[in-house]
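Peer 1: Need a 3D model of the following:
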Amino acid sequence: MESDQPSSSDYNQPVAYDADGKPLYAHPLPPEPVKTDNQAQAVYITQPTDLKKPVISDAIKLKHNRSKQVFPEIDLGESEYIISAVQRHPIGLFVPFAIGVLFIAVSFTVLFNYDLIAKSLQLTGDAANPSVIIFPIIAFITAVILGTYIAYYIYINNKLFLTNENIIQEIQRGLFSKREQIVNLANIEDVSYGQNGIVQQIFSYGSIRITTEGNGTTYRFSCVANPKEYIAALNNTIETFRSGRPIDE
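Peer 2: Next up is the predicted model:
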């Protein structure tokens, strides 16, 4: 018995006509894909666009604003404030200042006693005239003063700050060479200090060392005034930070 439906090979033949006489065709639906357990499926995750910022208390805002006013050169986070700034001992300036004063004193001595120097060296003519060396002496004294100031500028601009979140070290290696290192308190593995020699013991200064976890990077800061007190404060701040308790100044 023959079926009234067209065969699978006659899908291009019309099976009926509509009211306007247009042919209607019958086509089989495509087979649905078979899902397997090992077939990878795409998963789309949407994130909320209205992420809420952490609430910062008025006390922390006040400390943050105060730190920005006192240390405007430090880049602090919204909830970050400076607890203490390491003071470098002035003894570190003794050598450059002593050399500068010595050179200036020698220069003035030569200038005011040039007559005697010229006679002892048996200089004659223009070489024996004191006015000949005035400009070179002034230029030399100016260079010594400038060099002493540069040494002073580099020394005082090497700074170390302890905040409620990080340790920030500003390194000034030259007049136009400066960089900043930031170490999070959670990444600090060990802190220590050292005082070598009787001079450092008498004048109460030394160096501190900070070692980080993971790569074991070590940061050093020399000529620190009262390093023992600073290391004690740093250890207390790290312990408080890791325990989640609020940090007091």
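Peer 1: For the nearest residue to residue 86 once chain neighbours are set aside, name its beta-bridge partners.
Peer 2: Closest residue to residue 86 apart from its sequence neighbours, by Cβ to Cβ, 6 or more residues apart in numbering: residue 160 at 3.9 Å. Where you see a C-beta, it was placed from the backbone N, CA and C, and this is true even at glycine. On the basis of DSSP bridges, residue 160 is bridged to residue 169.
Peer 1: Burial check on residue 160, number of neighbours?
Peer 2: 22 (other Cβ atoms under 10 Å).
Peer 1: again with residue 201
Peer 2: So residue 201, with other Cβ under 10 Å, has 11 neighbours.
Peer 1: Distance-wise, check it relative to residue 103.
Peer 2: Distance, residue 201 to residue 103, using Cβ to Cβ, to the nearest Å: 31 Å.
Peer 1: just residue 211 next, same as before
Peer 2: Taken as Cβ to Cβ, the span from residue 211 to residue 103 is 40 Å.
Peer 1: residue boundaries of the helices in the protein?
Peer 2: Shown for the chain, the helices assigned by DSSP state H span residues 58-70, 94-112, 114-120, 134-156, 197-203, 227-243.
Peer 1: hey, least reliable of those by pLDDT?
Peer 2: With a mean of 82, helix 114-120 has the lowest mean pLDDT of the helices of the chain.
Peer 1: neighbouring contacts of that one?
Peer 2: 110, 127, 128, 130, 133 (Cβ atoms under 8 Å, 6 or more residues apart in numbering).
Peer 1: neighbour-wise, which of those leads?
Peer 2: residue 133 (17 neighbours).
Peer 1: which residues touch that one?
Peer 2: Per Cβ under 8 Å, 6+ apart, neighbours of residue 133: 110, 111, 114.
Peer 1: Next, format the helices of the chain as CSV and append distance to residue 185.
Peer 2: Converted to CSV, the helices of the chain look like this (distance: least, Cβ to Cβ, whole Å):
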stretch, distance to residue 185
helix 58-70, 16
helix 94-112, 34
helix 114-120, 61
helix 134-156, 26
helix 197-203, 27
helix 227-243, 4
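Peer 1: Out of those helices, which gets nearest to residue 168?
Peer 2: helix 58-70 (10.9 Å; Cβ to Cβ).
Peer 1: Run the chain-centre distance for the closest one.
Peer 2: Computed by Cα atoms, centre = their mean, to the nearest Å, the separation of helix 58-70 from the middle of its chain amounts to 20 Å.
Peer 1: domain assignment for this protein?
Peer 2: 58-88+158-243, 93-154 (automatic domain parsing).
Peer 1: Could you identify which of the ones you listed is most buried?
Peer 2: Ranked by average neighbour count under the criterion mean count of other Cβ atoms under 10 Å, the domains of the chain are headed by domain 58-88+158-243 at a mean of 15.
Peer 1: quick one: the nearest residue in space to residue 111 that is not next to it in sequence and residue 180, what's the gap?
Peer 2: Distances taken as Cβ to Cβ, 6+ apart put residue 137 closest to residue 111, at 4.9 Å, once the chain neighbours are dropped. Counting by Cβ to Cβ, the gap between residue 137 and residue 180 amounts to 41 Å.
Peer 1: circling back to that earlier point, want to throw the contacts of helix 114-120 into a markdown table with distance to residue 190?
Peer 2: Converted to a markdown table, the contacts of helix 114-120 look like this (distance: Cβ to Cβ, whole Å):
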| residue | distance to residue 190 |
| --- | --- |
| 110 | 53 |
| 127 | 64 |
| 128 | 66 |
| 130 | 62 |
| 133 | 57 |
